[in-house]
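>>> quick one: sequence and predicted model below, then my questions.
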Amino acid sequence: MKGFIRANKGFLLFMFLFGVFRTAVADWNPIPSSSMRPNLLEGDVVFVNRLAFNVKVPLTDHVLAHTGEPRRGDVVTFSSPVDGTRLIKRLVGLPGDVVELRNERLVINGVEAAYEGPQQVMEPVGAGQVAALRLSESFDGHARRIQLMPQAPAAARDFGPVTVPPGQYLMLGDNRDNSADSRYIGFVPRHLLIGRAEGLLVSADMLGNWMPRFERFGMSLRD
């Protein structure tokens, strides 16, 4: 073993530093599900800035220092408070906010988001397709496209009102009727935030023929 280490110490050092970089500085995150459609698609790979909010001890959730404040509208990767699974959602509620959904319409601190530009599309679900509705949702000067799926059974179209506790955040998927977000897993404590998704690195058609989607390469996720 000692001989192997001596012979490969350069490579082993590189792998160690690479692992530290990925767990403490920056990372990439493949998108495996449809919970952030239409903005993130299955087969997208996002670039995650792990220093956007916290400096952590590598391979842990122990926070050494805060580097920035999460903002409403950020696309955030975090560990699920239920089982530790890595998730990616949109940060909607800040500490102290009162958040609710009224028949799919987002209300924060008594102010309802504005909706416009409805578009009917067909979305892949399992082996088939279902009708979906895409809208522009605007709140507090930020806008993004969201997706509603009227045929989705048992969707949480009404939620709250709830008050976001200190040091925690409320997350929603952009694909509102097909997302396991804070309506199901609860609020996300700050120490479970991994980083902010800044943009797409690459993308491939995961549901089709795996061809590259060059038009999505380098696309920003900041609004």
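Yes, it's here. Numbering: from 1, shown residues only.

>>> helix or strand with the lowest mean pLDDT in the protein?
Ranking every helix and strand in the chain by mean pLDDT, DSSP states H and E puts helix 9-24 at the bottom, with a mean of 42.

>>> using CSV, write out every CA atom in the next helix or strand after it.
Beyond helix 9-24 on the C-terminal side, the first helix or strand identified by DSSP states H and E is strand 26-30. Coordinates of the C-alpha atoms in strand 26-30 are reproduced here as CSV (Å, rounded to 0.1, in the frame of the first residue of the first chain):
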residue,chain,number,x,y,z
ALA,A,26,-18.5,24.4,-6.7
ASP,A,27,-20.3,21.4,-8.0
TRP,A,28,-22.6,20.2,-10.8
ASN,A,29,-26.0,18.7,-10.4
PRO,A,30,-27.8,16.5,-13.1
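
>>> what's in contact with strand 26-30?
Outside strand 26-30, the residues that touch it by CB atoms under 8 Å, 6 or more residues apart in numbering are 43-51, 77, 86, 88, 194-195, 197, 201. C-betas here are computed from N, CA, C, even on glycine.

>>> quick one: the helices in the protein?
Secondary structure of the chain (DSSP state H): helices located at 2-7, 9-24, 182-185.

>>> what are the buried residues along stretch 174-184?
Going by neighbour count (16 or more other CB atoms under 10 Å), the buried part of stretch 174-184 is D174, N175, R176, D177, N178, S179, D181, S182, R183.

>>> look up the pLDDT of the fourth one for me, please.
Reading off the per-residue confidence, D177 sits at a pLDDT of 92.

>>> top of the contacts of strand 26-30 by number of neighbours, please.
Across those, the neighbour count under other CB atoms under 10 Å reaches its highest value at A197, namely 27 neighbours.

>>> wait, isn't it in contact with D44?
No: at 9.7 Å, A197 does not count as touching D44 under the criterion of CB atoms under 8 Å.
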